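# fold the following.
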Amino acid sequence: ARTHLMMGETTAARDVLGQLAVVVPESATFLRADAASLAGQVAAALGRMDEARERYHEGIHLLSGVVADRRVSNLWYELAELLDEAGDAAASRDAYRAAAIASGASSTRRAMQPR
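Predicted coordinates:
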């Protein structure tokens, strides 16, 4: 689906994503989050920005339940950029924060504050 999208074949990308929805198990949360991000990109390419934002938020919802690792961090960054492009600054900012946390970044300022 990603290759079809990169080649400008949005209908083919949408068709592949439709097939994924049927064969990807519920337990494959990361894969489903990645597919939601891609579905949002397809919707954006078709000029359907409301649908794109919905798919990006779906990806965020799914990704929130995934144990952090490098690929999770990368998907958080991707969703943050896509939400920013879609005009959802608040959700974009939250996704950037989640990306930083997933990558292991932390604030020394916060750690130094008295409790």
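# for this structure, what helix or strand is lowest in average pLDDT?
helix 108-112 (a mean of 61; mean pLDDT, DSSP states H and E).
# excluding chain neighbours, what is closest to the residue nearest the centre of the chain?
By CA atoms, centre = their mean, the chain has its centre lying nearest to residue 79, at 3.7 Å. Closest residue in space to residue 79, ignoring its immediate chain neighbours: residue 95 at 4.8 Å, by CB to CB, 6 or more residues apart in numbering. Glycine gets a C-beta too; all of them are placed from N, C-alpha and C.
# okay, now that neighbour: neighbour count?
26 (other CB atoms under 10 Å).
# what's the average pLDDT for the helix or strand harbouring it?
Assigned by DSSP states H and E, residue 95 falls within helix 89-102. For helix 89-102, the mean per-residue pLDDT is 94.
# what's next to it, contact-wise?
53, 56-57, 60, 63-64, 68-69, 72-74, 76-77, 79-81, 83-84 (CB atoms under 8 Å, 6 or more residues apart in numbering).
# now residue 21. Nearest residue, chain neighbours left out?
residue 35 (7.4 Å).
# centre of the chain to the helix or strand hosting that neighbour, how far?
In this assignment (DSSP H and E), residue 35 forms part of helix 29-45. Helix 29-45 sits 7 Å away from the centroid of its parent chain (CA atoms, centre = their mean, to the nearest Å).
# contacting residues around it?
So helix 29-45 is in contact with 1-2, 5, 8, 10, 13-14, 17, 20-21, 24, 26, 49, 51-56, 58-60, 62-63, 65-66, 71-72, 75, 78-79, 82, 85-86, going by CB under 8 Å, 6+ apart.
# at 7 Å instead, please
Residues outside helix 29-45 that contact it (CB atoms under 7 Å, 6 or more residues apart in numbering): 1-2, 5, 10, 13-14, 17, 20, 24, 51-52, 55-56, 58-59, 62-63, 65-66, 71-72, 75, 78-79, 82, 86.
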